[in-house]
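Colleague: Quick one, structure for this:
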Amino acid sequence: MGLPLKEWDFQINYGIKTGFNDAFIINGEKRRELINIDPKSEEIIRPILRGRDIKRYGYDFADLWLINSHNGVKETGVKRINIDDYPAIKQHLDLFYSDLEKRADKGDTPYNLRNCAYMEDFNKQKIVWGNLNLGAAYSLAEPGMFINAPCSLITPSEKYLLAILNSKAADYYIRSLGVTRNGGYFEYKPMFIEKLPIPVLSEQNKKTLNDLVAKLTLTNSISQKKKYEEEIDNYVFDLYALSKEDIELLNT
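Modeller: The predicted structure follows:
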């Protein structure tokens, strides 16, 4: 039914790989300290999510921040960050210099992150998810929010695609492609996600799913969220033309 996700106009990529998280991922207190020393530091400090922070249709921000001293993007003309322009951050990174210097994942200097051709995608709204989960747990993340590898992201973000990914039907299919680990955890690798067949949707189909996702994410009521999730599941069941027996299986 439909075409595999990889054949649509979507890009699936991994989150940021720093090579040494202890240096490049800081807490809110350290962020404030660096900005107080040098206000310019704020220019390259961005919020970041870990896999454990990402939930189904939402996330819990743990007040963690990425020092985004990227290596530039040659394809778009974005220049490499010169750490000498950010003395407070350089002083912080110098505390870890020996580890930064010997890591494999680095840019032109030990202070820079590795090359990332899709760096600009983090400045867009995106669909994100953690690597290991007990079930579908995809969420939207706003522009400027980064994620840490092995989390993954999809751009451009579409609410209707988010709804399908979080549905029981899609999750059953994706989990059938790999092996479930002890405790029921499944590794949601991009190589599995990209194989999910996506139905060809009418504009009305997209609007219905978009509206349901919008309502779900706006309400704080657990019962209302559950109601909208059930509506999404039932709608997606119809999109995949599932039989009554199929639906009973997925609902068990």
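
Colleague: hey, let's count contacts and neighbours off CA atoms from now on
Modeller: Fine.

Colleague: Please identify the buried residues of stretch 42-51?
Modeller: Neighbour-count burial for stretch 42-51 flags 42, 45-51 (criterion: 16 or more other Cα atoms under 10 Å).

Colleague: Redo the residues you listed as JSON lines? Include distance to His92 and secondary structure.
Modeller: Below are these laid out as JSON lines (distance: Cα to Cα, whole Å; DSSP: H, G, I helix; E, B strand; the rest coil):
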{"residue": "Glu42", "distance to His92": "14", "secondary structure": "helix"}
{"residue": "Ile45", "distance to His92": "13", "secondary structure": "strand"}
{"residue": "Arg46", "distance to His92": "16", "secondary structure": "strand"}
{"residue": "Pro47", "distance to His92": "18", "secondary structure": "strand"}
{"residue": "Ile48", "distance to His92": "18", "secondary structure": "strand"}
{"residue": "Leu49", "distance to His92": "21", "secondary structure": "strand"}
{"residue": "Arg50", "distance to His92": "22", "secondary structure": "coil"}
{"residue": "Gly51", "distance to His92": "25", "secondary structure": "helix"}
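
Colleague: With respect to Phe192, which of those residues is nearest?
Modeller: Set against Phe192, the nearest of these by Cα to Cα is Gly51 (17.2 Å).

Colleague: who's in contact with that closest one?
Modeller: Gly51 makes contacts with 129-132, 147-148, 150-151, as judged by Cα atoms under 8 Å, 6 or more residues apart in numbering.

Colleague: Kindly recompute the last result at 10 Å.
Modeller: With contact set as Cα atoms under 10 Å, 6 or more residues apart in numbering, Gly51 has these partners: 15, 59, 128-133, 137, 147-152.

Colleague: can you pull out the helices in the stretch 101-250 of the chain?
Modeller: Assigned by DSSP state H, counting those that start in this stretch, the helices in the stretch 101-250 of the chain fall at 159-166, 168-175, 190-193, 203-218, 222-239, 244-250.

Colleague: Relative to Ser157, how far out is Arg181?
Modeller: Between Arg181 and Ser157 the computed distance is 29 Å (Cα to Cα, to the nearest Å).

Colleague: ok, the two, which is more surrounded?
Modeller: Ser157 (20 against 11; other Cα atoms under 10 Å).

Colleague: Count residues in the vicinity of the residue nearest to the more buried one when sequence neighbours are not counted, would you?
Modeller: Nearest residue to Ser157, sequence neighbours excluded (Cα to Cα, 6 or more residues apart in numbering): Lys126, at 4.6 Å. The local packing of Lys126 (other Cα under 10 Å) involves 25 other residues.

Colleague: So what sits opposite Lys126 in the bridge?
Modeller: For Lys126, the beta-bridge partners are Ala141 (DSSP bridges).

Colleague: got a pLDDT number for it?
Modeller: Here the pLDDT value assigned to Lys126 is 98.

Colleague: Pretty sure it sits against Pro143.
Modeller: Yes. Shown here, Lys126 and Pro143 form a contact pair, counting by Cα atoms under 10 Å, at 7.5 Å.

Colleague: picking up where we left off before, same list, the buried residues of stretch 42-51, but as CSV with distance to Gly28 please.
Modeller: Formatted as CSV, the buried residues of stretch 42-51 follow (distance: Cα to Cα, whole Å):
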residue, distance to Gly28
Glu42, 12
Ile45, 10
Arg46, 11
Pro47, 9
Ile48, 11
Leu49, 13
Arg50, 15
Gly51, 18
